[in-house]
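Colleague: One predicted model, sequence on top.
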Amino acid sequence: MAVDTQAALEQLLLLHEIERFLYREAELLDERRFSEWIELIADDIHYHVPQRRNVKFGEQARENSDPESEISWFDEGKATLAGRVRQINTGLHWAEEPLSRVCHMVSNVELLAVEGDEVKVKSRFLVYRNRLQDEVDLFVGKREDTLRRDAETGWKIAKRTVILDQNVLLAKNITVFF
Amino acid sequence: MVEIVPSRNDRSLRSLVDLEHGLVSREIYVNEEIYQQELEQVFGRAWLFIGHESQIPNPGDFVQSRMGEEHVLLVRDRKNQIHVFLNTCRHRGMKVCRYDDGNTLLFTCTFHGWSYDTDGRLVGVPNFDNAYHRELDKSAWGLHEVAQMTNYYGSIWATWDPKAPRFEDYLGVWGPSVRRSFEGSDGSDNGLELFNPVQKWRLPTNWKFPGFSFLGDHAHGATTHRSTTVAAYGPQGEANGGDRHGMGERWPSTEEEFAVPELGHSGHGRLYEKPGVGPYVNTWQTVPGVDDYYREMHAKKAQKYDGQYLHGASGCVFPNVICGGTRILVWHPQGVGMTESWRLYTVDRGAPKLVKDAVRRYAMRYCGPGGMTEADDMENWNYAYPASLGMMARRLPYNFQNGVGHAHTDDRVPGITLNYRIGEENQRARLKRWVEFMEAGSWDELFPVKK
């Protein structure tokens, strides 16, 4: 019994630590501290935001576009993500100049697996973008992350799959990070 | 400049588009009545891009597409014939297919159960015996099919108008350029395949902002895309100091706008000094092996076109398509102030995975709503629209004077009007044809083209 309690407590503490990490990440993004945010990204990250198909029942396996052979909204590594950060930081990236007001809501955080120094985490997100005077976009969906222990930042994001709940993208562009 | 909005009965728009002086009324971009007229006069008549045969390789395959505001299905029937149908049940109008793509034996309407074969024939009507008394003439109630459809080197085009000229005549001297947009990098006809799925997104602006300016507006690059250049991102990433162009020696050429004003097509590219295909230019240094592939393909292309004069321009097919350079862009009208942007990406059909992956990843980071480059285009196209809407704003014409009076021709590209590469010749060409479509009573007035 005591052992079970101990294990449950450790699990709870780990989940709490992960939640804190995800909230801190959201805070960095919403505070436009992009250069600090990119430090949370592992050098070998695969950042994938598939497109979503309307498919027949039974064909759900091909609902999300395949990163091996198909087109996605995003399918990239750290070099490109860092390029996007540099681009915003030029002050000349008109789609984000002036900067949008962005709010990341992260919830339903669930620990899926612990493997060595990596954890798999699923969460829900609601990203609100409010821009210039009256432009509003809502991006809602699920994220599946692989986080890796890191001495400096606590964790680094080693893999992120973002399941955006839209078919035709209802925003004119995506200049936010999920 | 006349500010009167023409009524539906008066099709005259000439007073709103003065290309000789480069003045264009904003009304044609923001006026609801003109927009409604466009759907009929332009989108109801023109040849429109539907898709690519590689999207429907097998019998029974289908994929959604659009013609103007309307939703159509691109289908390969069970006898291997390609069709384009309006996606609406003939009974009460429900969409007969709501899947983006797939394979099917029948399109069965979810409302009352009418079902259609993949060749469009109405084959099933519930209660046909007891309620319709077998009196319904099923042969008259099949899916509505386009008036004309063509498979142009793998690309599928269609028109609602039975009187439209053949697609080859619609393209005229621009045909070879479109044909080459669908050839492989080795110069082989119909050498491409499409990556799935299509990127689709909503852009709050009139369709002509992107539709008439893409590959017709090279004046925007240095300003709109300044951040991409500063942040150093191209196919070659940082290897080339952020320059988005390739490394290597090019043949002597001038970079020009290429326009076919009498047909509304246009493009942008190089006018080489001599015939044939110049040396290969490296553009993929950061992905080992990709340049090797393209260099080899390029050599084959050079062999094919040895001695033939080729211009390097690709671009717009009137009214709303841009093709060439591994991507096809379609700007569908979705109301006067909304555009549904479609982006399709292409690659050599026989390319190794390494090459396909490099092309695909480059497309995603450069193009579309997530593209580092094009995200900034969306912002400008978006906000030019509301800033043109006001009572006062509408009275001010847009300035299309860049290069007016400086067009020229060259014997090497007969029938094509050239102008300095950072000009507005292409946009004027599209606008010229647009006015003709808007004013014409039928195709009889549009083709053959009056010189």
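Modeller: Here it is on my side, so go on. Numbering: from 1, shown residues only, chains lettered A, B, ... in the order given.

Colleague: Am I right that A:Asp137 is in contact with A:Leu170?
Modeller: Yes - at 7.2 Å, A:Asp137 counts as touching A:Leu170 under the criterion of C-beta atoms under 8 Å. Where C-beta positions appear, they are placed from N, C-alpha and C, glycine not excepted.

Colleague: Can you pick out the residue with more neighbours from these two?
Modeller: Set side by side, A:Asp137 and A:Leu170 show more neighbours around A:Asp137, with 19 against 11, by other C-beta atoms under 10 Å in any protein chain shown.

Colleague: where along chain A do the strands fall?
Modeller: Listed in chain order, the strands of chain A (DSSP state E) span A:41-50, A:72-76, A:101-115, A:118-131, A:135-150, A:154-164.

Colleague: Need the winner for burial among those.
Modeller: strand A:72-76 (a mean of 23; mean count of other C-beta atoms under 10 Å in any protein chain shown).

Colleague: Could you name the helices and strands sitting against it?
Modeller: If you count contacts as 3 or more C-beta pairs under 8 Å, 6 or more residues apart in numbering or on different chains; DSSP states H and E, strand A:72-76 packs onto strand A:41-50, helix B:353-366.

Colleague: Could you confirm whether the helix or strand of chain A with the lowest mean pLDDT reaches chain B?
Modeller: When each helix and strand of chain A is scored by mean pLDDT, DSSP states H and E, helix A:78-89 comes last, with a mean of 93. Yes - looking at helix A:78-89 against chain B by C-beta under 8 Å from any C-beta of the partner chain, the contacts come from A:79-80, A:83-84, A:86-87.

Colleague: Could I have the PyMOL command that selects the buried members from those?
Modeller: Buried subset of the residues of helix A:78-89 next to chain B, written as a PyMOL selection, criterion 16 or more other C-beta atoms under 10 Å in any protein chain shown:
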select buried, chain A and resi 80+83+84+86+87
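
Colleague: about what we covered before: if we compare the helices and strands packed on strand A:72-76, which one ends up closest to B:Gly154?
Modeller: Of all those, it is helix B:353-366 that lies closest to B:Gly154, at 16.7 Å by C-beta to C-beta.

Colleague: Tell me the buried residues in that closest one?
Modeller: Neighbour count says helix B:353-366 has B:355-366 buried, by 16+ other C-beta under 10 Å.

Colleague: Also near chain A: which of the residues you listed, exactly?
Modeller: Answer for the buried residues of helix B:353-366 near chain A (C-beta under 8 Å from any C-beta): B:356, B:360-361, B:363-365.

Colleague: Give me the distance between the two termini of stretch B:411-418.
Modeller: Start and end residues of stretch B:411-418 are separated by 11 Å (C-alpha to C-alpha, to the nearest Å).

Colleague: Go ahead and name everything in contact with it.
Modeller: Residues from elsewhere that reach stretch B:411-418 (C-beta atoms under 8 Å, 6 or more residues apart in numbering or on different chains): B:172-173, B:256-261, B:271, B:309, B:311, B:407-410, B:425, B:429.

Colleague: Does the residue most central in space within chain B have any beta-bridge partners, and if so which?
Modeller: Nearest residue to the geometric centre of chain B (C-alpha atoms, centre = their mean): B:Val321, 1.3 Å. Beta-bridge pairing for B:Val321 (DSSP bridges): B:Val317, B:Val330.

Colleague: residues in contact with it?
Modeller: Per C-beta under 8 Å, 6+ apart, neighbours of B:Val321: B:48-49, B:328-330.

Colleague: Just the buried ones among these, please.
Modeller: By 16+ other C-beta under 10 Å, those give B:48-49, B:328-330 as buried.

Colleague: Those residues into JSON lines, with extra columns for pLDDT?
Modeller: Formatted as JSON lines, those follow (pLDDT from 0 to 100):
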{"residue": "B:Leu48", "pLDDT": "98"}
{"residue": "B:Phe49", "pLDDT": "98"}
{"residue": "B:Ile328", "pLDDT": "95"}
{"residue": "B:Leu329", "pLDDT": "95"}
{"residue": "B:Val330", "pLDDT": "97"}
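
Colleague: which one among those residues gets closest to chain A?
Modeller: Lowest distance from chain A to the buried ones among the contacts of B:Val321 (C-beta to the nearest C-beta) belongs to B:Ile328, with 12.3 Å.

Colleague: ok, for the closest one, nearest residue in space, not its chain neighbours?
Modeller: B:Leu344 (4.3 Å; C-beta to C-beta, 6 or more residues apart in numbering or on different chains).

Colleague: Sheet partners, orientation included, of the one helix or strand that neighbour maps to?
Modeller: Assigned by DSSP states H and E, B:Leu344 belongs to strand B:339-348. Partner strands and pairing direction for strand B:339-348 (DSSP bridges) are strand B:192-203 (antiparallel), strand B:327-333 (antiparallel).

Colleague: Could you report the neighbour count for the residue nearest to B:His91 when sequence neighbours are not counted?
Modeller: Leaving aside its chain neighbours, B:His91 sits nearest to B:Trp114 (5.0 Å; criterion: C-beta to C-beta, 6+ apart). Counted with other C-beta under 10 Å, the neighbours of B:Trp114 add up to 24.
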